[in-house]
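Participant: next comes the sequence, and after it the predicted model I'd like to discuss.
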Amino acid sequence: MSVIRRHFLAATGLLLPTAACAAPAPSLAGLLPETTFHPGGVLVAYRTRDSQTFEAARGDLGVDTPYFAASTTKLYVTAILLQMVQEGRIDLDSPFRKLLPGPETAQLNRFGGEDRTDAITLRHLMSHTSGLADFFEPDNAKTGLFADLTKGKDRALTFPEAMEITRRLGARAAPGSLDRAHYSDSNYQILGKVIEQVDGSPFARVFERRISEPLGLQRTWIYSDPADMRPRPLRFRDRDLRIPNAMVFSQADGGVVTTAREALVFLRGVFEGALFDRTRIDALQDFRPMFFPLEYGTGMMRFQLPAAMTGFRKLAPLIGHSGLSGAVIFHSPANGLYLAGTVNQIDKRSAVFQMMARAALQLSTDG
């Protein structure tokens, strides 16, 4: 687990003030963070029991403002893979090297003196149980691509370069051998190439045809042009972080640009069957520990907080995905809630979980 992620999800950063949970607020607006690090924030929610939509936005983010959704992209990738499973084009328990047999992906997992790469399945990649190292954010947070980007050094990798870094860092475990998830962007870089191989098209085009077009999304796309100035820049602490070349490279591990409203449409599409047979979701919920308070299943996260952190009000589990940019897309099956939004902040990301948890508590009890 990376140093950055451990710090970001520290329990003290997610503690919800008891007073804030005492009674429902009249709207979501009071939940949006407002600090030097958070000049904007947006949250959109939908409640199924009364078909109500709730929206709140402030600062430089509106409900229709395009933003970088970062690793929430992984849930979009999961949706595409489930479509391909439904079409009989892939098997999640098949080794990925059957589809990507070239030298770029060879010997990525050498563990215990043995090359175990050919045992890595698509399911291992989706669930972060492949044992592969993370090219983006290695355990030493002072080096690597992430460290360079937060210093304002915009650089991209090629897929072979990302795989070479993964190989050089060394495998963390044999595939499927741990009872924990080891989060690695390398997994989803590979899955993006698998999707391209199966579909025969660039990932951005596959995404458009399989996600944006079926759902009628007009402001959701894979960031592919460094000259594209439409998304709000990412923020790191008190400054904008303009790293278009890195974001173009991200693609399947973090390249989605979307809006809060359209992210909510996508989320409902996943859990309500607009993109594939909704019963396929059940098989993905084999959650295992990752880093508190997040667990990882197959292509999706589960967020839970103990009662002591929520003013002793029960917060039902939320299923979906979060992103490095402070973006979230989560669904509460127990309460029929959908929530999507961002605080667009790489460093102080715990704010988005506070915002989401408080909104879920409020909307589950507010009439």
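Facilitator: Okay, I see it. Numbers count the residues shown, from 1 in each chain.

Participant: backbone dihedrals for the nearest residue to S130 once chain neighbours are set aside, please?
Facilitator: Of all residues not flanking S130 in the chain, H124 sits nearest, at 4.2 Å (C-beta to C-beta, 6 or more residues apart in numbering). All C-beta spots, glycine's among them, are computed from the backbone N, C-alpha and C. Per-residue torsions, H124: phi -60, psi -40 (degrees, to the nearest 10).

Participant: so who does H124 touch?
Facilitator: For H124, the contact set (C-beta atoms under 8 Å, 6 or more residues apart in numbering) comprises 130-131, 175-176, 187.

Participant: what segments of the stretch 1-150 of the chain are strands?
Facilitator: Applying DSSP state E, counting those that start in this stretch to the stretch 1-150 of the chain gives strands spanning 40-47, 52-59, 67-70, 110-111, 114-115.

Participant: the second one packs against which elements?
Facilitator: To tie it back to what came earlier, the one meant is strand 52-59. Strand 52-59 is packed against strand 40-47, helix 260-272, with contacts defined by 3 or more C-beta pairs under 8 Å, 6 or more residues apart in numbering; DSSP states H and E.

Participant: quick one: P175 from A56, how far?
Facilitator: Per C-beta to C-beta, to the nearest Å, P175 is found 43 Å from A56.

Participant: my guess is T342 meets S325, correct?
Facilitator: Yes. Under the criterion of C-beta atoms under 8 Å, T342 makes contact with S325 at 6.3 Å.

Participant: quick one: low-confidence ranges for the stretch 201-350 of the chain?
Facilitator: 312 (pLDDT under 70).

Participant: and the helices in it?
Facilitator: With DSSP state H, counting those that start in this stretch as the criterion, the stretch 201-350 of the chain has helices at 203-207, 213-215, 244-250, 260-272, 350-365.

Participant: check the stretch 51-200 of the chain too.
Facilitator: Under the criterion DSSP H, counting those that start in this stretch, the stretch 51-200 of the chain contains helices at 73-86, 122-126, 145-150, 159-169, 185-199.

Participant: weakest of those helices in terms of mean pLDDT?
Facilitator: Note on the helices of the stretch 51-200 of the chain: helix 145-150 shows the lowest mean pLDDT, a mean of 88.

Participant: list the buried residues for that helix?
Facilitator: 145-146, 149-150 (16 or more other C-beta atoms under 10 Å).

Participant: identify whichever of the helices of the stretch 51-200 of the chain lies nearest to A246.
Facilitator: Closest to A246 of those, according to C-beta to C-beta: helix 145-150, at 5.5 Å.

Participant: remind me what the closest one packs against, helices and strands.
Facilitator: Checked by 3+ C-beta pairs under 8 Å, 6+ apart, helix 145-150 has no helix or strand packed alongside it.

Participant: neighbouring contacts of that helix?
Facilitator: With contact meaning C-beta under 8 Å, 6+ apart, helix 145-150 is reached by 4, 135-137, 141, 155, 157, 236, 241, 243, 246, 346-347.

Participant: wait, which of the helices and strands packed on strand 52-59 is closest to I211?
Facilitator: Nearest of those to I211, taken as C-beta to C-beta: helix 260-272 at 6.8 Å.

Participant: now do the closest one against strand 52-59, angle only.
Facilitator: Helix 260-272 and strand 52-59 meet at an angle of 140 degrees, taking axes from the mean of the first three to the mean of the last three C-alpha atoms, to 10 degrees as the criterion.
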